[in-house]
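> here is a sequence with its predicted model. Questions after.
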Amino acid sequence: MTLSMKDRALLVKHLYENGDFFNAAIALKKFRALKGLRSGSGSMTAFGLKKMIDKFEESGSFDLKCGRGRTAIASTSVKDWATALQEASSSALVTYSTRGISRTFDMLVSTVRKILRNILQCYPFTIMNVQELVPPDMPKREAFALQFLAQMEVDNVWPWDILWTDKAHFHLQGSVNTQNCRIWAREYPFQMQPLPDFKKGKGSPFSSRKRRYLIKSSFI
């Protein structure tokens, strides 16, 4: 049972007055009868009652002991992070991440996220890659489909030997991982950033590779 401060004091008083201190089970039974509680109800046990009495004799109070508490976030940390966020949003060359800013200011990543979410009122938004279809794409897609069907006429099990990828593009020198990257902002940053066509180090996943040869095809 969950006891209030008044009930705890009443229980201790009842224990000492009736001499039942060394028999917590009997004392707890009498207390339930005094309060009109059903026998065996509640979560308080004789062992829990003994622990409560031990704490009372040690500290003289029924209050719970204070723990170490949470470390308060300094106002200077909030100002520094707000300044860094403003610089990152106003410059196209400067980018920050929660892990990067935690290393710069020597603070935990969880602290940085608390500042962003609870103090600066920012929300994490994801990045989505969307393919833009232009008129020249249609002939390339149609040619690939016809080539695919023609190869199936020759070898019906040929498609099962193809290795496919579900990525829109792949980068040989690395790129932004949309699964892990987040944009922190107070409002939904709905804006489109067009990407250039294929450059050095970038390829099309719509090329299907077989065990013995490669079918080259670019759709974008």
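Nice, thanks for sending it over. Numbering: from 1, shown residues only.

> and this protein, what are its domains?
5-59, 75-126 (the TED database).

> quick one: mean pLDDT for the shortest one?
For domain 75-126, the mean pLDDT works out to 74.

> tell me how far Phe125 lies from Lys51.
Per Cβ to Cβ, to the nearest Å, Phe125 is found 49 Å from Lys51. Using the backbone N, CA and C atoms, a C-beta is placed for each residue, glycine as well.

> oh, that last question was meant for Arg141, not what I typed.
For Arg141, the distance to Lys51 - Cβ to Cβ - is 73 Å.

> same question, Thr45
9 Å.

> find the residues that touch each one of those two.
Residues touching both Thr45 and Lys51 (Cβ atoms under 8 Å, 6 or more residues apart in numbering): none.

> next, the nearest residue to Arg182 once chain neighbours are set aside: phi, psi?
Nearest residue to Arg182, sequence neighbours excluded (Cβ to Cβ, 6 or more residues apart in numbering): Pro124, at 3.9 Å. Backbone torsions for Pro124, taken as degrees, to the nearest 10, come to phi -80, psi 120.

> burial check on Pro124, number of neighbours?
Pro124 is flanked by 13 other residues according to other Cβ atoms under 10 Å.

> wait, doesn't it sit right on Tyr188?
No: applying Cβ atoms under 8 Å, one finds Pro124 not in contact with Tyr188, separated by 11.4 Å.

> what bridges to the residue nearest to Arg182?
Trp184 (DSSP bridges).

> for it, what are its contacts?
Leu116, Arg182, Ile183, Trp184.

> doesn't Leu116 make contact with the last one?
Same thing as Trp184. Yes: counting by Cβ under 8 Å, Trp184 touches Leu116, with 5.2 Å between them.

> please save the CA atoms from the longest helix along the chain in PDB.
In the chain, assigned by DSSP state H, the helix with the most residues is helix 137-154. Coordinates of each C-alpha in helix 137-154 appear next as PDB, following Å, rounded to 0.1, in the frame of the first residue of the first chain:
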ATOM      1  CA  ASP A 137      14.100   9.700 -69.100                       C
ATOM      2  CA  MET A 138      11.200   7.900 -70.800                       C
ATOM      3  CA  PRO A 139      13.100   6.500 -73.900                       C
ATOM      4  CA  LYS A 140      15.900   5.300 -71.600                       C
ATOM      5  CA  ARG A 141      13.400   3.500 -69.300                       C
ATOM      6  CA  GLU A 142      11.500   2.000 -72.200                       C
ATOM      7  CA  ALA A 143      14.700   0.800 -73.900                       C
ATOM      8  CA  PHE A 144      15.800  -0.900 -70.700                       C
ATOM      9  CA  ALA A 145      12.500  -2.600 -70.300                       C
ATOM     10  CA  LEU A 146      12.600  -3.900 -73.800                       C
ATOM     11  CA  GLN A 147      16.100  -5.200 -73.400                       C
ATOM     12  CA  PHE A 148      15.100  -6.900 -70.200                       C
ATOM     13  CA  LEU A 149      12.200  -8.700 -71.800                       C
ATOM     14  CA  ALA A 150      14.300  -9.700 -74.800                       C
ATOM     15  CA  GLN A 151      16.800 -11.300 -72.500                       C
ATOM     16  CA  MET A 152      14.100 -13.200 -70.700                       C
ATOM     17  CA  GLU A 153      13.000 -14.700 -74.000                       C
ATOM     18  CA  VAL A 154      16.500 -16.200 -74.300                       C
END
